[in-house]
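Asker: Need coordinates for the below:
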Amino acid sequence: MQKVINLAPIPICNSQKHSSVKILIISDAWHPQINGVVRTLQSTVEELKRFGHEICIVGTDSARWLSFPLPSYPEIKLEFFAYRRLAQVMSDFHPDLIHIATEGPLGWAARRLCLRRNLPFTTAYHTRFPEYLAARTPAFFGNFARIAAFAALRYFHAPSSAVMVATASIERELKAQKFQRLVRWSRGVDATLFRPYGKVLPAFAHLPRPILLYVGRVSVEKNLRAFLDISTPGSKVIVGDGPDLVILKQEYPTVNFLGVLSGENLARHYAGADLFVFPSTTDTFGLVLLEACSAGLRVAAMPAPGPSDIFVDGAGRDFVAMDLDLGRAVAAALQLPDDVDVPRGFVSRFAWEACSKQFLIHLQAPAPKTSRRAEGWRERIGRSMTRAVSRIMR
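Answerer: Got it, this is the predicted structure:
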């Protein structure tokens, strides 16, 4: 019989003197990938380590022969049949708390392992896979793909002690789909790295102003054509990589595609632009929005989950323009005062320290009743077997 681990509540306070715990995070999205999930986990892990906790994060082992690139996303590798590897990691690390960050093959293997060992775990909803699938399938098949995806995700998250979501709109969306135990886990930004460095940047020296910047994956679900088709003065700059990069370069020769940037180089490109454009309607949050604001940029976006949650109740009215017509949003945003202190002041409320404390509290959520009943049932069976063996041995 597998050992049942009962996790006692861990004192959480505002100071950094927390009781040290061992936290295991399993994620199909991890380095060397560059995306919002990886940046969120990396920043959270750094804060948790600063609090004094011991973290083990398990990502895809691309060296294993059972690792394959995701169709249409060759830079993302998925590892299949990782159950034994995860079991060994779990046995060696002896975690106090377990978080399954993604719903990929690693996530499913970790879920199965936790259920078999009666270990409580939490999960997170980082990616709107139903919308991604709908965007990548023919129109007549899109709704069916969306329904099937929600059914699979609902099943995946059902045993989770807490399903972490970034925004109120995503929480409402999942509640409508009958997800349970939803909790809010916000996002942060490194305001020291992402700051106004000034508009002088060699890469932009030859470009007519205003410079309209997009940062993120270059793929169909990001709705990039809505941005690229806008007729506007100035220059359009795309930072990022993805499956649509080659074809968009061919179709939009006047657009400046800079590829993947990171660290201070990325931060300086944010600061060197005049406006940040966010055309996506399928994101769960939009971490790049915080980075752009922290760099002092005005924002043009569509009123969708992410922007509508971050700039809720007109919070960004002085530097954000949102419209279902992205062209109108861009025109309106360019008319707003270009004051770097206003958007930067706004994002001061988004700190990774606070987000990481949220995350740590949610990790300790009690296991759902169904899981506790299963644990009790297995314990009773185990005790009955022990008594039966004892009687036989007499």
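Asker: any idea how far Phe319 is from Leu289?
Answerer: 11 Å (Cβ to Cβ, to the nearest Å). Placement of C-beta: from N, CA and C, glycine included.
Asker: just the CA coordinates of stretch 223-231, formatted as CSV?
Answerer: What follows is stretch 223-231, C-alpha atoms only, in CSV (Å, rounded to 0.1, in the frame of the first residue of the first chain):
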residue,chain,number,x,y,z
ASN,A,223,-4.4,37.3,-34.1
LEU,A,224,-1.3,39.1,-35.5
ARG,A,225,-2.9,39.9,-38.8
ALA,A,226,-5.4,42.2,-37.1
PHE,A,227,-2.3,44.3,-36.2
LEU,A,228,-0.3,43.8,-39.4
ASP,A,229,-3.3,44.8,-41.6
ILE,A,230,-3.8,48.2,-39.9
SER,A,231,-3.0,51.2,-42.1
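Asker: Only the buried residues of it, if you could.
Answerer: Neighbour counts over stretch 223-231 (16 or more other Cβ atoms under 10 Å) mark 223-224, 226-228, 230 as buried.
Asker: now those as TSV including distance to Phe179, secondary structure and pLDDT?
Answerer: Conversion of those to TSV gives the following (distance: Cβ to Cβ, whole Å; DSSP: H, G, I helix; E, B strand; the rest coil; pLDDT from 0 to 100):
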residue	distance to Phe179	secondary structure	pLDDT
Asn223	25	coil	96
Leu224	29	helix	98
Ala226	29	helix	97
Phe227	31	helix	98
Leu228	35	helix	98
Ile230	36	coil	97
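Asker: Take those and lay them out in TSV including distance to Tyr83.
Answerer: Conversion of these to TSV gives the following (distance: Cβ to Cβ, whole Å):
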residue	distance to Tyr83
Asn223	37
Leu224	38
Ala226	42
Phe227	42
Leu228	43
Ile230	48
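Asker: In the stretch 201-350 of the chain, mark out all the strands, start to finish.
Answerer: Using DSSP state E, counting those that start in this stretch, the strands found in the stretch 201-350 of the chain span residues 211-215, 235-239, 256-259, 275-278, 298-301, 320-322.
Asker: residues making contact with the third one?
Answerer: Applying Cβ atoms under 8 Å, 6 or more residues apart in numbering, the contact partners of strand 256-259 are 203, 207, 218, 235-241, 245, 248-249, 269.
Asker: Report the strands that pair with that strand, each with its relative direction.
Answerer: Strand 256-259 has the following strand partners under DSSP bridges: strand 235-239 (parallel).
Asker: quick one on the thing from earlier: closest to Asp61 among the buried residues of stretch 223-231?
Answerer: Leu224 (31.9 Å; Cβ to Cβ).
Asker: sorry, back to before: kindly indicate which of the contacts of strand 256-259 lies nearest Arg146.
Answerer: Out of the contacts of strand 256-259, the member with the shortest distance to Arg146 (by Cβ to Cβ) is Val218, at 22.9 Å.
Asker: what does the domain assignment say about the protein?
Answerer: Domain ranges of the chain: 22-188+353-393, 202-349, per automatic domain parsing.
Asker: Could you export those as JSON lines, including distance to Arg195?
Answerer: Listed next are those as JSON lines, based on distance: least, Cβ to Cβ, whole Å:
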{"stretch": "domain 22-188+353-393", "distance to Arg195": "15"}
{"stretch": "domain 202-349", "distance to Arg195": "6"}
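Asker: that older thread, who's more crowded, Leu289 and Phe319?
Answerer: Legend: neighbour count by other Cβ atoms under 10 Å for Leu289 and Phe319, higher for Leu289 (29 against 26).
Asker: ok, that one touching Ala300?
Answerer: No - judged on Cβ atoms under 8 Å, Leu289 makes no contact with Ala300 at a distance of 10.8 Å.
Asker: any common contacting residues for these two?
Answerer: Shared contacts of Leu289 and Ala300 (Cβ under 8 Å, 6+ apart): 276, 278.
Asker: if we can go back for a sec, least reliable of the domains of the chain going by mean pLDDT?
Answerer: Mean pLDDT is lowest for domain 22-188+353-393 among the domains of the chain, at a mean of 87.
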